[in-house]
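J.: Need the 3D shape of this:
(chains A, B, C and D)
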4 protein chains.
Amino acid sequence: MKLNSHPSGRHFLQIPGPSPVPDRILRAISLPTIDHRGPEFGELGLRVLAGLQQVFNTRHPVVVYPASGTGAWEAALANTMSPGDAVLMYETGHFASLWKKMAERLSLRPEFIGLPGAEGWRHGVDAEAIERRLRADAGHTIKAVCVVHNETSTGVTSDIAAVRRAIDAAGHPALLMVDTISGLACADFRHDEWGIDVSISGSQKGLMLPPGISFNALSPKALGASKAAKLPRSFWAWDEIVEMNKSGYWPYTPNTNLLYGLSEALDMLLEQGLDAVFARHQRWAEGVRAAVRAWGLPIQCADASVYSPVLTGVITPAGVDADALRQLIHSRFDLSLGTGLGKVKGRMFRIGHLGDSNDLTLVATVAGVEMGLKLHGVPIAGSGTQALMDHFAAHPQPKTLRAAA
Amino acid sequence: MKLNSHPSGRHFLQIPGPSPVPDRILRAISLPTIDHRGPEFGELGLRVLAGLQQVFNTRHPVVVYPASGTGAWEAALANTMSPGDAVLMYETGHFASLWKKMAERLSLRPEFIGLPGAEGWRHGVDAEAIERRLRADAGHTIKAVCVVHNETSTGVTSDIAAVRRAIDAAGHPALLMVDTISGLACADFRHDEWGIDVSISGSQKGLMLPPGISFNALSPKALGASKAAKLPRSFWAWDEIVEMNKSGYWPYTPNTNLLYGLSEALDMLLEQGLDAVFARHQRWAEGVRAAVRAWGLPIQCADASVYSPVLTGVITPAGVDADALRQLIHSRFDLSLGTGLGKVKGRMFRIGHLGDSNDLTLVATVAGVEMGLKLHGVPIAGSGTQALMDHFAAHPQPKTLRAAA
Amino acid sequence: MKLNSHPSGRHFLQIPGPSPVPDRILRAISLPTIDHRGPEFGELGLRVLAGLQQVFNTRHPVVVYPASGTGAWEAALANTMSPGDAVLMYETGHFASLWKKMAERLSLRPEFIGLPGAEGWRHGVDAEAIERRLRADAGHTIKAVCVVHNETSTGVTSDIAAVRRAIDAAGHPALLMVDTISGLACADFRHDEWGIDVSISGSQKGLMLPPGISFNALSPKALGASKAAKLPRSFWAWDEIVEMNKSGYWPYTPNTNLLYGLSEALDMLLEQGLDAVFARHQRWAEGVRAAVRAWGLPIQCADASVYSPVLTGVITPAGVDADALRQLIHSRFDLSLGTGLGKVKGRMFRIGHLGDSNDLTLVATVAGVEMGLKLHGVPIAGSGTQALMDHFAAHPQPKTLRAAA
Amino acid sequence: MKLNSHPSGRHFLQIPGPSPVPDRILRAISLPTIDHRGPEFGELGLRVLAGLQQVFNTRHPVVVYPASGTGAWEAALANTMSPGDAVLMYETGHFASLWKKMAERLSLRPEFIGLPGAEGWRHGVDAEAIERRLRADAGHTIKAVCVVHNETSTGVTSDIAAVRRAIDAAGHPALLMVDTISGLACADFRHDEWGIDVSISGSQKGLMLPPGISFNALSPKALGASKAAKLPRSFWAWDEIVEMNKSGYWPYTPNTNLLYGLSEALDMLLEQGLDAVFARHQRWAEGVRAAVRAWGLPIQCADASVYSPVLTGVITPAGVDADALRQLIHSRFDLSLGTGLGKVKGRMFRIGHLGDSNDLTLVATVAGVEMGLKLHGVPIAGSGTQALMDHFAAHPQPKTLRAAA
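T.: As a prediction, the model looks like this:
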């Protein structure tokens, strides 16, 4: 294995996940695999499970799957639902749509609400719409409300506390399930305080790990629901995992080496402090949006109150193939950007600014995009690179986020 | 991350998987994570998929899951079966039993045949019994025959070709599904030639990787069956994966860094040649059994024709708690052995001799067990260490398996 | 070991060496240490020695020291000179001065010529001055001419072929010794064709390795001189090393793990082709100089014909403490720049653009400097970042130096 | 880089250095190289220098060279001696002889005392002989006494405190220089208490690092002597290094990545405690000697009071080519043993039992030798493997040196 497609220097991985994996974590995952039934493993298991509770802001169990994030979506549904159950899902973008498609494949009856056409892909979850729908469901046939916290396909971070308030206001017993695959450890997240029943996340975004493990944070209500749920499940079943996790072990072979990485990631995040982690994402995001505005290009997220701190979607002018642009940028500047997905394919691209990054990495990213725009013949209003530099110069990071003097 | 429970030197990981991960593979998995939608990834994807076909001995698709081996069991059933379907499963040990339990949780109706009590855990699959049962199933209600190639809990490697012949002799249309999680890349395996419909495997045994990815090798008949099968499935669904794999990509985020390791593992196995790989496992296994015989302890596998080249189960004398023995050995000699599982818990232990090992590692292992037996007060007939040394001295490995002169 | 002074993201190591070490090389040096007397090592030794000959452009022996570059300076002198010998050295900057100081400590009589004051630190070697001095040395008391190929303290790459012609024109028998510690594998270098007797280099620059090994490339004439030279030497002595190297071994314990890295580095450089390596350094250097000009700041090298492709020295305006500026940039932007050394301390800083780098990394570097200049209150004429972006956009790298499409 | 000469499993590196490098250290040395003039480096420098003082048991400076151990020998002489100085060296084996040869090459006048022929290679330093010689040197022409603490070529650990007492008893002002290249961090060592003026050591033995850095621990008297010493020196000169080390930096480019490893190694050693480290070496050594005695082969060290805890030399019967035996063992069992050097070439081999090892690794080693002896036709009296197993079983390591329960 060489990874030698790139002729020289470091690749700029600026997709909204997998995010760049820090060297400390890459070394950690290369330590020798140990016996997943031995005493050393049990210590590791307890340590990462406790750390995850801090990151999810919960006192309840967090289930770790040796599977990618898509699996954790399936796990949330398979543990709590029965065939034919109605679930209310909110269309915020491609990933909300994929989750809805999954619900269908799992024999559920998802109801997909949201703004019509592609317009919904530029806004967050409308909690009032959810409240209205739930109030109308007098018979409580809806078993769950499923929303995406940070929609990775668009760069919109919805207000989950508002969704909780909407469900409560409607007096509806539906479970609240939240996909925070790309939100966790980038944006504020409070599993318990927000009354979430199942939070779904993955390793390759804010946790700065390679893909391969994923999570369900549970509420007592979700655990209760799982006892009655009838969808067939085995690999995803919470019961045995939660039971065995009490001693730090798993019922089947866990993904040992990624758990090493998780242990290191938790150390890094908790040493720095989650508030500091959220603050650096916000600061980066503001800078990148300043750059996009300087170019005169529209930001995919049309509502400033729900801008994502994780990624920024950039809409290309009519007639410009955003993927051809991305390809040019990749070929010339060794910079990977996120593609437009689903309804916005070819119409926008995404700049990831999450995880293990810093000011200069983002300046390089924006400069690479800017050079690409020019080379591709896309007219731009001004220098986004300059705007970003001005932003970073004017807004110093807090002392704790600077390099040692 | 430090892994510092062990005060000095290398741990001896002699469980039957995860097997020791070679340094080349550990370095490979620590390379930076790349864009799973970029051009470099597509090359990697095509390379590992082609290599896997060589290892499974198949010209048909091999599906790679970003999940542990248990998931691949579920995938095999979920893609081909409908709720309530009858499956004929053969009890060879703990893993066959877990698979059967999974089939129940997935709403199938497994019929579990085999020898009564714990006796079945000392023998391989009785192909004649399968043939008899299938002949009796005139209505073809049995949809699949599920057997374990190498039963990891006992050290028995069943004759899969015989099972194929039995099904054919019965003229029965059931699918043949084979768990070769611990058999693949240790023992001869021929997906196409043996007429297997779904072969299930995992990364952490003969492939010498950490746990975290798993496999379904398919037959055209299995692919056909998946079109009609009614079990709900999404994450495990073959259709989209097989389609996207044609260009080297996956429909969801693959386990990039373990795929790096897989690429390296395939290079190592195919450079050495699978026949040489099988030969070294056979030679090691014969040596370890010679040691067990010298101790005068019974081998768990009671039928010499199906001894496993992967692991050897050793039965402890009545009154000896095999787990207390294992714990003593671990504490004194930093050697991890496999525990007795299920019906044989506390009655036996397992010595793994698979993957990235060699003569001296196995001598050390056997010596550690032997010292432990004595310290635990277990009477032994003679020196297993000496027997193993005599075996290795008398049976040189072929030149291609020796260190460079 | 954590290296956790940097709160987030990758550090930008833009000093003129150590240069950023590629991931492939870092993994290579972490492979297990082997027996330096075993057969595997001999193969490694022969491989790296052959590769080094290609990089030095020589058919004669290259000696590898398990020591840093300073040691290789000492080795060149200790093997060829006798106490009290006169050597003609040319002052191009701090490293030429340190080498001269070393000659004094080793009891030689260095004669240091060059332009007066700090002016000589802005120009290359004046071959005519050398010729004049050698012509004046009718008695041939000068035993060696010592020059620096790429002066790391200033960013000046002297014309070595011209020095050779000067020596020949003077008909003088002095040895020609060339320090190419930071030039090798960045700028064109021809040990044999340029008639060099001893070329000195190190690992941590163009070879992209960590510091710790260094080199003497020899000529037959240098080997001859070493037989008569009287300076005491043992560790540095060529004779035993050259003899043992014939079989790929060393008389003492070599730096095994850095040799792994060297093997990987040679693969990378020779796969890409040295001409392509030189071309990418030239292109980067032109871009960085365009940026410095846009700022309106003087480049340390005052002679465009000897601009260095490896680094660019930037003179700060009078009254600006270049080191305070560097510290601000490091603290705010996690970017390391080279300090002004010796005669130019506090008056300039150095931007490294060598080894494993690429366009966006250099844009980030220049942007970091530019933000720092502004924050420090240094008036600049225009945007160097923009100038660099324009340069890179207008001058695409050759196809072979682009990322895979 | 692949290191793929070994077909399967871990190589057994049982030479008396380089010793096996622990995984934690290999990962540490693969972290990215940083600026050796930056703030993070200064912290690293101070940390490793303080840790080294603990390991050498000294309050005085320890100099770290970016060079292999041979260089540290040269440094000790070059810093303290003048051309033509007489030094008293004691012949304990090959490395003492090489050091003496080096003294000659450096223009010193070494006087080599010891037992005649190869007999001296079976005993330690005779302190009384040193005292006699020093008493005879009424004019104090002898400037230094140079002895090897642990002679790596034979397996003899001399009594350094006795040498100190001998010098004091003679009232002689000579410096005491001690090579503890293979003794440090394996056997008790007390630089200050034993009145050593220069202790010389290297990285690749008890410190468990790859080769590439080496050490001089100094006394105030040695530092004083260096001011008057006349041997030319520059790279090795203590003065500038000691001065710059006060702030954690070096005058030239240090071997950054091996210093990462050193930091990790010091953590490992000091966490475990040096007394525990010495105790495990003693226990291993006793076991290995029990094995050699069981074979009926003579141990190279003929004096039980100076047996080395680091390695054991084994004399082969007359007519047996020890190197042919070693080659057979390497080829068949992937086990590297130390060769006989100098006067005992072909007559003995050496088993290293140092650094990051443990009981089963040594059982494997002894078993590999035993199988090799038999295959080579060397008659042995009994089973050394059994003797070693009996020893380890009968002498449990202390609790702190066991694997976690």
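
J.: so A:S153 touches A:V344, yeah?
T.: Yes. Between A:S153 and A:V344 there is a contact under C-beta atoms under 8 Å: 7.5 Å. (Glycine included, C-beta is placed from N, CA and C.)

J.: between the two, who's got more neighbours?
T.: More crowded of A:S153 and A:V344, by other C-beta atoms under 10 Å in any protein chain shown: A:S153, with 28 against 22.

J.: backbone phi and psi for that one, please?
T.: Main-chain dihedrals, A:S153, degrees, to the nearest 10: phi -80, psi -10.

J.: Could you count how many residues lie near A:M244?
T.: Counted with other C-beta under 10 Å, A:M244 comes out at 14.

J.: same question but for A:P379, I mixed them up
T.: Count around A:P379 with other C-beta under 10 Å applied: 11.

J.: ok, now how distant is the residue in the stretch 251-400 of chain A positioned nearest to chain C from chain B?
T.: Residue nearest to chain C within the stretch 251-400 of chain A (C-beta to the nearest C-beta): A:N358, separated by 3.1 Å. Here A:N358 is placed at a distance of 16 Å from chain B (C-beta to the nearest C-beta, to the nearest Å).

J.: A:E151 too?
T.: Per C-beta to the nearest C-beta, A:E151 is found 16 Å from chain B.

J.: just to revisit the earlier point, return every residue with contacts to both of A:S153 and A:V344.
T.: A:94, A:121, A:313 (C-beta atoms under 8 Å, 6 or more residues apart in numbering or on different chains).

J.: remind me which residues of chain A are low pLDDT?
T.: A:4-6, A:403-405 (pLDDT under 70).

J.: ok, back up a step: residues touching the residue of the stretch 251-400 of chain A closest to chain C, list them.
T.: Neighbouring residues of A:N358 by C-beta under 8 Å, 6+ apart: C:6-10, C:333-334.

J.: so what's it closest to, chain neighbours aside?
T.: C:G9 (3.1 Å; C-beta to C-beta, 6 or more residues apart in numbering or on different chains).

J.: Of the shared contacts of A:S153 and A:V344, which belong to strands?
T.: Within the shared contacts of A:S153 and A:V344, residues falling in strands by DSSP state E are A:G313.

J.: Tell me the one of the shared contacts of A:S153 and A:V344 nearest B:T141?
T.: Closest approach between the shared contacts of A:S153 and A:V344 and B:T141, by C-beta to C-beta: A:H94, at 42.3 Å.

J.: which one of the shared contacts of A:S153 and A:V344 is nearest A:F215?
T.: Looking across those and measuring by C-beta to C-beta, the closest to A:F215 is A:H94, at 20.9 Å.

J.: measure that closest one to A:E74 for me?
T.: 17 Å (C-beta to C-beta, to the nearest Å).

J.: Could you pull out the helices in chain A for me?
T.: A:23-29, A:39-56, A:69-80, A:94-105, A:127-136, A:160-169, A:220-228, A:238-245, A:256-272, A:274-295, A:322-333, A:359-375, A:384-394 (DSSP state H).

J.: Switch these over to TSV; also include distance to chain D.
T.: Formatted as TSV, the helices of chain A follow (distance: least, C-beta to the nearest C-beta, whole Å):
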stretch	distance to chain D
helix A:23-29	4
helix A:39-56	5
helix A:69-80	27
helix A:94-105	34
helix A:127-136	46
helix A:160-169	38
helix A:220-228	32
helix A:238-245	19
helix A:256-272	11
helix A:274-295	19
helix A:322-333	22
helix A:359-375	14
helix A:384-394	21
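
J.: Tell me which of the ones you listed sits nearest to C:L354.
T.: Closest among these, once you apply C-beta to C-beta, is helix A:359-375, at 17.6 Å.

J.: Hey, what's the angle from that closest one to helix C:359-375? Just curious.
T.: 120 degrees (axes from the mean of the first three to the mean of the last three C-alpha atoms, to 10 degrees).

J.: Helix A:359-375: how far from the chain's middle?
T.: 23 Å (C-alpha atoms, centre = their mean, to the nearest Å).

J.: mind listing what's buried in it?
T.: With burial defined by 16 or more other C-beta atoms under 10 Å in any protein chain shown, the residues of helix A:359-375 counted as buried are A:359-373, A:375.

J.: and of the residues you listed, the nearest to B:A185?
T.: A:T361 (40.1 Å).

J.: From chain B, how far out is that closest one?
T.: 13 Å.

J.: if I pick that residue, what's in contact with it?
T.: With the criterion set at C-beta under 8 Å, 6+ apart, A:T361 makes contact with A:12, C:9-10, C:364.

J.: Those in strands, which ones?
T.: Among the contacts of A:T361, DSSP E puts A:F12 in strands.

J.: hang on, the earlier thing: could I get the shared contacts of A:S153 and A:V344 as JSON lines with neighbour count and distance to A:S19?
T.: Converted to JSON lines, the shared contacts of A:S153 and A:V344 look like this (neighbours: other C-beta atoms under 10 Å in any protein chain shown; distance: C-beta to C-beta, whole Å):
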{"residue": "A:H94", "neighbour count": "20", "distance to A:S19": "18"}
{"residue": "A:W121", "neighbour count": "29", "distance to A:S19": "22"}
{"residue": "A:G313", "neighbour count": "28", "distance to A:S19": "16"}
